[in-house]
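# when you get a sec, could you give me coordinates for this:
(chains A, B, C and D)
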4 protein chains.
Amino acid sequence: MTGPDDVSLIAAALADGRLDPDRIVAILGKTEGNGCVNDFSRGLAVLALRGLLAPHLAVEKLDALPMVMSGGTEGGLSPHWIVLHTGEGEGDGPALAFASRVTRALHPSEIGRAAQAELVREAVGAAMNAAGISGPQDVHYVQIKCPLLTAQRAAEAGGDVSTTDMLKSMGLSRGASALGVALALGEIDSVADDAICFDTSLWSARASCSAGIELACCEIIVMGQSTDWCGPLRIDHGVMSDAIDAATVTDLLARAGLAAGSPRLRALLAKAEAARSGVIRGARHTMLDDSDISSTRHARGFVGGLLAGLAGTTQIFVSGGAEHQGPDGGGPVAMIFDTTKEETR
Amino acid sequence: MTGPDDVSLIAAALADGRLDPDRIVAILGKTEGNGCVNDFSRGLAVLALRGLLAPHLAVEKLDALPMVMSGGTEGGLSPHWIVLHTGEGEGDGPALAFASRVTRALHPSEIGRAAQAELVREAVGAAMNAAGISGPQDVHYVQIKCPLLTAQRAAEAGGDVSTTDMLKSMGLSRGASALGVALALGEIDSVADDAICFDTSLWSARASCSAGIELACCEIIVMGQSTDWCGPLRIDHGVMSDAIDAATVTDLLARAGLAAGSPRLRALLAKAEAARSGVIRGARHTMLDDSDISSTRHARGFVGGLLAGLAGTTQIFVSGGAEHQGPDGGGPVAMIFDTTKEETR
Amino acid sequence: MTGPDDVSLIAAALADGRLDPDRIVAILGKTEGNGCVNDFSRGLAVLALRGLLAPHLAVEKLDALPMVMSGGTEGGLSPHWIVLHTGEGEGDGPALAFASRVTRALHPSEIGRAAQAELVREAVGAAMNAAGISGPQDVHYVQIKCPLLTAQRAAEAGGDVSTTDMLKSMGLSRGASALGVALALGEIDSVADDAICFDTSLWSARASCSAGIELACCEIIVMGQSTDWCGPLRIDHGVMSDAIDAATVTDLLARAGLAAGSPRLRALLAKAEAARSGVIRGARHTMLDDSDISSTRHARGFVGGLLAGLAGTTQIFVSGGAEHQGPDGGGPVAMIFDTTKEETR
Amino acid sequence: MTGPDDVSLIAAALADGRLDPDRIVAILGKTEGNGCVNDFSRGLAVLALRGLLAPHLAVEKLDALPMVMSGGTEGGLSPHWIVLHTGEGEGDGPALAFASRVTRALHPSEIGRAAQAELVREAVGAAMNAAGISGPQDVHYVQIKCPLLTAQRAAEAGGDVSTTDMLKSMGLSRGASALGVALALGEIDSVADDAICFDTSLWSARASCSAGIELACCEIIVMGQSTDWCGPLRIDHGVMSDAIDAATVTDLLARAGLAAGSPRLRALLAKAEAARSGVIRGARHTMLDDSDISSTRHARGFVGGLLAGLAGTTQIFVSGGAEHQGPDGGGPVAMIFDTTKEETR
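From the prediction side, this is the model:
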């Protein structure tokens, strides 16, 4: 895309029939804003997508279509769309499978607490069922968009909220969502309110969460593999143990037989964050002390550089804010790839 | 270092005799400022170094000691010192060799023009001789600190200057210095005034240049290999063709037999910049359109992430502003390493 | 507005009949982006406005409606809309009068040159006629949105362009537009190509120009006073000689009898910029040396603070990039006010 | 000053005898860094000052000399020094009087709590006595530099600390210091731990506090008026009720008979902050939502613009982080002025 409102490539695919609007399950976008509070590139992208799809979809269908925009293309990262849609395929499975679910609206007192994790746990299970994914071992990536607390919402709850700080509520909500995924996938057994954003030993290897002011429920997209699906696409994942864990990424690409720059790589989705410990392999980093650039921007550009070098492409969906999404300073990396050889991208 | 003014590690080495102040040839520092115009971390580091060394060195020796501070530890890069000093060694050469030279003060009308390149060419040759480096093929890294044009200096030249824009003069001065290195190393044959910062086909694979307001001459540090030197250290280099050229770095490390995280890696020095073409392997990057973060900061963090992942350390000397220092969007990478096996770092 | 896409106040005015969509002449918006290249708040605001007005206006009317979004509410400035619309009034004139015009599309070779100034001069004259403004002395504010040069446009012109630098072309285009206003209002006699963005002695006291990638013509809104108009609104202007020229603003408010916080003040529109001299009344400023924050952001917040304090409101339309719009470091300030006493705002 | 390390004007005053190093009581500096965590302009200024004064003062005297550097010259603010020194004067008092005191080192468990406020209360009283200031009504400005909590300090206290978040500890420490001033001046009666940074109804009209990692005690400079002192200088203060409260500043200047640009104004010292309410006189501000620029930078530039316009000079000591220093969104403003007429500055 040439800008956040450039939907021309999707429009072209709709126009020539490559894309059936009714078969779009979700749209992810990496847009070029700052990825923080005042990132208007995300809203602009969504408004442009809605304008494009409005003539094709009934308004209730359009409203229910998950659109997850992740701001921040620091360094050489390149803005791009990832459109998840179904189609007619062939060949043997198991193949890439996905489905989405939304929870009911959360009561403000539930946001950022174990109650949210529980709702997410249920919805992940429902989405797994809907996608025909038979068990946790076949889930490779769960994208969640979840609500945050505003002053107004906190007032509705009579002050019984996890925090009164809006920015902090974003982290708590992301963290609660990630722990909900961990519950659903059997990565942890239980969640207590006070462990959220505190006990860094609890995390999911497959959660990617973002918080937004525009919703009151949690939107969940589960991606995995299922024998019910066929076609050339597969998905796999790994977990970077820190921001410079090249070996995990190299192994992941190798398992799929992907060389750098291969057109068979269709999407690379990762979380990045600055280690709260303040060090990477014993050496001090300065991301948390920089009052000019948010640490999330630093982390996306830095991890993005490594991923881009190893994958040979800059179209990488790296997002920040990785509470309970992988270990402190590290994060999950998922890869969607095509098993068909020598296809041009 | 725990901050730009933390010289305690160097102080400790002076105190216990590991470091003889008279044998220090140059000090490089990667400090945590923004690496741009208003980066005070560089000045603070130099002031702290001068305070440390003042009791040990005569003032004229201290004034002549090259101290090259490069601001910007974006992403997970870690602030660190690189102290070049000689000592007693053993074993066979060729081994790491280095020497520094300064040119005479430049007339303002020479800055950013072919005249500067010529002065640098001469000084690089003189430093090569001083280091006992027998030919251009044995030079692997040339660090240059060069002057810029201020309004006052432009006035002294009666307006006969390459530019009246101070920021632009930094680029022209770096570019002229790099082309001076290219001349000295036979990488190009000649330089015309109007090719500087214009003809991107001209570049050196071994130049790393920065411009500073505090000097009127060019300070030059040449590093290479010489049969006159011995000891365990070696130097090698490669040229990244773009910001995600992992293969060049992997090859460089492999030639030295270095695995990620090896304590045998002593220094990794690289240049990074945003491709002026606006694309990396055909995909749009947004570094040049970001009015919140300088493209040099983006580029250092992004390339730094790749280098750190491949080398397994975040103590990497990546600097920005790479005019004529490698191809557009790429840049030289030099590596100092220890041939001694299993030494602890 | 609660965000760039919050058009609810305009929607409410449309809904209850206070605003007739056919009588809207122009919409100005102060939005909360960075006001620089990657400011997506402007595009988001325009997309939201178009979505709001699409059911009310034929597409060609909507396309022709000037929407001028100025990014940047630094410091305590408050995002807000200014909707220029006509209505039925009474009382004696002269009263606030306005009209808009667009020039033909500019050839890329004309952008940033005297040819552009000439086109603007003609269009300002035409808009004055359309607004019934009898002479230059009755013009108080001219808002212009003008094109810039992209690589593609420069190629169309076969390289015969004022600059090949996109950012620089924005300044040249704004400067040429401002000098076109100065020509139309008799503030200067002639413009040569090489005076644009060079000869700071040439400027208009009433021009406010911004450049945008989305248009190829110049959009012009002229505001002044006319005996053909009636109603309670008036307009006046002054020129700040530097960034701290409080006296000019105090005088302007006093001429209208406005105390700080008066509900009779309807709009305050100003230009702000960092003095290229580097000093304000002899004391050094640091806006041009700050690589973390654009000087335009510094200038808007600083001048905005003074204007807000004197006017007693933070809803002030301060925009940056003031080439030939007032003297170096200063800028025009226009004020729309209501002569009706004691009206509540 | 031309940069944070430019002490040439102070050096000149020492050289020609205008300044006696033994009579310097404190040095304040407004430097051009970001005023946040990674502001190295402050450290650079202090290192340069120490280098200048070291030949003149015994090391224990130099160590005890308060040097308060405030980073951030946003907008058109101009970096400058304020040197408080005594001398021989004449004429009648009461005149400007000042003295400094330091508290004992704080135990980490005391930082940001009522215990700190109590220590500050005592020290303010002692400094008032030392300065010959007879009562709270004659105190117009109290500058405090106080410690913060690091991970190491928190560990020393066995976890019994006000917060484990370093940035938050800066706010708590500033807040506790300000409330200590309020206690000393009878502006409040008592302080409870949990009121600090929470109960915004408690504040001092004369406190200006900053927190720094380099000290463990609180350094306190009290300025006021005393009949024991003579000479031409006086001090007065007001409290801005919000960021655009021009009337308070106008009144303050009028009480001293100062017109804009008067050379009789010797120093203007103010605190600025973004209103946590999110609004200024009912209109939304965006300072707290800007992830690119810290709200403290926005607030300094905005309030600085108003002060500079009213005072007619950009050499204004505006600092951020105003917990309990004036009401939410407002802050104290103190003015040192010369009663001698027509003196050239």
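# return the helix or strand in chain A with minimum mean pLDDT.
Of all the helices and strands that make up chain A, the one with the lowest confidence by mean pLDDT, DSSP states H and E is helix A:151-156; it has a mean of 85.
# and the helix or strand just after that helix with chain C, contact?
With elements assigned by DSSP states H and E, the helix or strand that comes after helix A:151-156 is helix A:166-184. No. Among the residues of helix A:166-184, none lie within reach of chain C under Cβ under 8 Å from any Cβ of the partner chain; the closest is 13.8 Å away. The way it works is simple: take the backbone N, C-alpha and C, and place the C-beta from them, glycine included.
# what are the buried residues along helix A:166-184?
The neighbour-count criterion (16 or more other Cβ atoms under 10 Å in any protein chain shown) identifies A:166, A:169-184 as the buried residues of helix A:166-184.
# list the pairing partners of the helix or strand just after that helix within its sheet, with orientation.
Taking DSSP H and E as the definition, the helix or strand that follows helix A:166-184 towards the C-terminus is strand A:207-211. Sheet pairing for strand A:207-211, assigned by DSSP bridges, gives strand A:139-146 (parallel).
# tell me how many other residues surround A:Leu96.
Residue neighbour count, defined by other Cβ atoms under 10 Å in any protein chain shown, stands at 25 for A:Leu96.
# quick check: nearest residue in space to the residue in the stretch 201-345 of chain A that chain C sits nearest to, chain neighbours excluded?
Across the stretch 201-345 of chain A, the shortest distance to chain C (Cβ to the nearest Cβ) belongs to A:Asp292, at 4.4 Å. Distances taken as Cβ to Cβ, 6 or more residues apart in numbering or on different chains place C:Asp292 nearest to A:Asp292, at 4.4 Å, with adjacent residues excluded.
# roughly how far does that neighbour sit from A:Gly231?
Separation of C:Asp292 from A:Gly231 (Cβ to Cβ, to the nearest Å) stands at 48 Å.
# on the three-state scheme, A:Trp81 is what?
Here A:Trp81 takes the strand state, with states given by DSSP: H, G, I helix; E, B strand; the rest coil.
# list the residues that contact A:Asp138.
Contact criterion Cβ atoms under 8 Å, 6 or more residues apart in numbering or on different chains gives A:Pro94, A:Gly224, A:Gln225, A:Ser226 as the residues in contact with A:Asp138.
# so C:Asp292 and A:Gly231 - more neighbours on which side?
Neighbours around C:Asp292 and A:Gly231, counted as other Cβ under 10 Å, are more numerous at C:Asp292. The numbers are 24 against 19.
# in this structure the more buried one contacts B:Val37, no?
No. With contact defined as Cβ atoms under 8 Å, C:Asp292 does not count as touching B:Val37 (9.8 Å).
# got a pLDDT number for the residue of chain A most remote from its centre?
For chain A, the C-alpha lying farthest from the average C-alpha position belongs to A:Gly158; by Cα atoms, centre = their mean, that distance is 31.9 Å. Taken from the predicted model, the pLDDT recorded for A:Gly158 is 86.
# how near is it to A:Ser109?
Here A:Gly158 is placed at a distance of 8 Å from A:Ser109 (Cβ to Cβ).
# and the stretch 1-150 of chain A, which residues reach chain D?
Near chain D, the residues belonging to the stretch 1-150 of chain A are A:Asn34, A:Cys36, A:Val37, A:Asn38, A:Asp39 when assessed by Cβ under 8 Å from any Cβ.
# save those residues as TSV, and put in pLDDT and neighbour count too.
Rendered in TSV, the data for those read as follows (pLDDT from 0 to 100; neighbours: other Cβ atoms under 10 Å in any protein chain shown):
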residue	pLDDT	neighbour count
A:Asn34	94	24
A:Cys36	89	19
A:Val37	87	16
A:Asn38	92	21
A:Asp39	93	23
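# just these now: which is nearest D:Leu265?
Distance ranking of the residues of the stretch 1-150 of chain A next to chain D against D:Leu265, using Cβ to Cβ, places A:Asn38 first at 37.0 Å.
# now the closest one: how far from D:Thr286?
Using Cβ to Cβ, one gets 7 Å for the distance from A:Asn38 to D:Thr286.
# now do A:Val124
Counting by Cβ to Cβ, the gap between A:Val124 and D:Thr286 amounts to 36 Å.
# just want to know which of the two has more residues nearby.
Each of A:Val124 and D:Thr286 had its neighbours counted (other Cβ under 10 Å), and the higher figure belongs to A:Val124 (30 against 25).
# which of the residues of the stretch 1-150 of chain A next to chain D are close to chain C?
Among the residues of the stretch 1-150 of chain A next to chain D, the ones lying close to chain C by the criterion of Cβ under 8 Å from any Cβ are A:Asn38.
# chain C contacts on chain A?
Those residues of chain A that sit near chain C, judged by Cβ under 8 Å from any Cβ, are A:3-5, A:32-33, A:38, A:40-41, A:43-44, A:47-48, A:51, A:292.
# are any of these buried, and which?
A:3-5, A:32-33, A:38, A:40-41, A:43-44, A:47-48, A:292.
# quick check: buried residues in stretch A:131-151?
Using 16+ other Cβ under 10 Å as the test for burial, stretch A:131-151 gives A:131-134, A:136, A:138-149.
# which residues touch A:Ala131?
Remark: with contacts taken as Cβ under 8 Å, 6+ apart, A:Ala131 is in contact with A:Ala97, A:Phe98, A:Ala99, A:Val222, A:Met223, A:Gly224, A:Ser226, A:Trp229.
# pull the most distant pair out of those residues.
Set against one another by Cβ to Cβ, the contacts of A:Ala131 have their most distant pair in A:Val222 and A:Trp229, with a gap of 12.7 Å.
# of these two, who's got more company?
Neighbour comparison, A:Val222 and A:Trp229: the larger count goes to A:Val222, with 30 against 19 (by other Cβ under 10 Å).
# in which helix or strand would I find the more buried one?
Counting by DSSP H and E, the element that carries A:Val222 is strand A:219-226.
# pLDDT on that strand, on average?
In this model, strand A:219-226 has a mean pLDDT of 98.
# tell me what angle that strand forms with strand A:139-146.
170 degrees (axes from the mean of the first three to the mean of the last three Cα atoms, to 10 degrees).
# now the spatially closest residue to A:Gly89 that is not a sequence neighbour, what's its secondary structure?
Computed as Cβ to Cβ, 6+ apart, the closest residue to A:Gly89 that is not its neighbour in sequence is A:Gly231, at 2.7 Å. For A:Gly231, the reduced secondary structure class is coil; criterion used: three-state DSSP.
# in TSV: the residues of chain A next to chain C, plus secondary structure.
Shown next, in TSV, are the residues of chain A next to chain C (three-state DSSP):
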residue	secondary structure
A:Gly3	coil
A:Pro4	coil
A:Asp5	coil
A:Glu32	coil
A:Gly33	coil
A:Asn38	coil
A:Phe40	helix
A:Ser41	helix
A:Gly43	helix
A:Leu44	helix
A:Leu47	helix
A:Ala48	helix
A:Gly51	helix
A:Asp292	coil
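# farthest pair in those?
So, the residues of chain A next to chain C by Cβ to Cβ: farthest apart are A:Gly51 and A:Asp292, at 35.0 Å.
# for chain D, what's its nearest residue on the stretch 51-200 of chain A.
A:Ala151 (8.3 Å).
# hmm, that residue is touching A:Met166, no?
Yes. If you go by Cβ under 8 Å, A:Ala151 and A:Met166 touch, sitting 7.4 Å apart.
# ok so, going back, taking the contacts of A:Asp138, tell me the two that lie furthest apart.
The two members of these with the most space between them (Cβ to Cβ) are A:Pro94 and A:Gly224, at 8.8 Å.
# neighbour-wise, which of those two wins?
Comparing A:Pro94 with A:Gly224 by other Cβ under 10 Å, the one with more neighbours is A:Gly224, at 29 against 18.
# beta partners of that one?
Here A:Gly224 shows beta-bridge partners A:Ala97, A:Val139, assigned using DSSP bridges.
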